[in-house]
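1. generate a structure from the sequence data that follows.
(one chain, ligands or ions: 1)
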Amino acid sequence: MDNSSVAFVPTHGPISQSIKNESRLCDSCPLVFYTSVLTRRRDDYLKDSKYFMAVALLAAKRSEDPNTQVGACIVNQENKIVGIGHNQMPNGCDGKLTWARDRTKDNKHLYVCHAELNAIMNTNGADVKGCSMYVTLFPCNECAKLIIQGGIKEVIYLSDMYEDRDEFKASKSMLELVGACIVNQENKIVGIGHNQMLNGYDDEEAEDNKHLYGEI
Ligand SMILES: O=c1ccn([C@H]2C[C@H](O)[C@@H](COP(=O)(O)O)O2)c(=O)[nH]1
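-> Got it, this is the predicted structure:
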């Protein structure tokens with residue numbers, strides 16, 4: 001290795017010119033090694049897209065729904081989180097309503113506030129226009145309406161388990177109609193709207209992401 005192009009640093013102190021000079025004389029000293037190792041950026045740090053979906057997954061863990069837990073995380077154009085939500089009963093109704101799933105009787109679907117709605121309501125006044133939403137389940141038609149009316153431009157989702165239902169087909173149609181960017185769990189854009197992948201959301205990462213997010 002060419003010593004003139006790299007600095008040296010002891011394991012227990014700051015870099016200084018004298019150390020750099022000395023270290024040329026003591027290459028075998030165990031306290032000295034190349035700063036290029038210490039100062040190089042970590043490659044395996046958590047990328048934005050993985051982090052935001054991980055936040056959505058964490059939010060889903062707060063859900064009291066015994067059957068399906070959903071989390072959503074809204075991110076603005078500066079990559080700042082502006083809202084997080086999970087599916088939950090309306091404020092003040094916790095513990096007072098049923099989580100029964102049976103659609104013919106009094107059931108949770110009549111009451112539950114979806115994760116997307118809660119994320120939008122939890123922004124403390126921040127504008128969601130132009131934001132991206134990371135959500136663990138593809139949004140239903142009602143949530144798609146909120147997403148569209150709020151001006152959210154991208155929806156990145158993990159599961160599409162209800163894709164065959166009319167509400168979810170309608171949702172996809174609406175999002176596509178308005179040109180929202182829809183990105184699936186393989187990191188492929190499935191809705192037309194933008195010509196480019198999201199930052200950090202490219203094919204190379206697809207395999208990785210699957211491992212990180214796992215099953216919901
Ligand atoms: O876009 C959506 C769709 C559904 N949810 C919530 C609402 C319910 O709590 C569950 C769905 O319950 P199932 O037992 O799977 O029918 O998911 C949501 O938050 N966002």
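2. per-residue pLDDT of residue 198, please?
-> Residue 198 is assigned 34 on the pLDDT scale.
3. actually residue 43, not the one I wrote
-> 87.
4. equivalent analysis for residue 209, please.
-> Predicted confidence (pLDDT) at residue 209: the value is 38.
5. burial check on the nearest residue to residue 150 once chain neighbours are set aside, number of neighbours?
-> Leaving aside its sequence neighbours, residue 150 sits nearest to residue 128 (Cβ to Cβ, 6 or more residues apart in numbering; 4.3 Å). Bear in mind the C-beta positions are built from the backbone N, C-alpha and C, glycine included. For residue 128, the count of nearby residues is 22 (other Cβ atoms under 10 Å).
6. now residue 128: how far from residue 158?
-> Per Cβ to Cβ, to the nearest Å, residue 128 is found 20 Å from residue 158.
7. check what pLDDT residue 150 gets.
-> 97.
8. need the residues of the protein near the ligand, please.
-> 65, 67-68, 70, 87, 101, 108, 112, 114-116, 137, 139-140, 143 (Cβ under 6 Å from any ligand atom).
9. I'd like to know which of these are buried.
-> Among those, those buried by neighbour count (16 or more other Cβ atoms under 10 Å) are 65, 68, 70, 87, 108, 112, 114-116, 137, 139-140, 143.
10. can you list which of these are found in helices?
-> The helices, defined by DSSP state H, take in 115, 116, 143 from those.
11. can you list these in JSON lines and add distance to residue 171 and pLDDT?
-> Output for these, formatted as JSON lines (distance: Cβ to Cβ, whole Å; pLDDT from 0 to 100):
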{"residue": "115", "distance to residue 171": "14", "pLDDT": "98"}
{"residue": "116", "distance to residue 171": "10", "pLDDT": "98"}
{"residue": "143", "distance to residue 171": "7", "pLDDT": "98"}
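12. in this structure, which spans are helices?
-> Counting by DSSP H, the chain has helices at residues 17-25, 35-39, 48-60, 115-121, 141-150, 166-177, 203-213.
13. the ones you listed: lowest mean pLDDT?
-> When I compare the helices of the chain, helix 203-213 is least confident, with a mean of 39.
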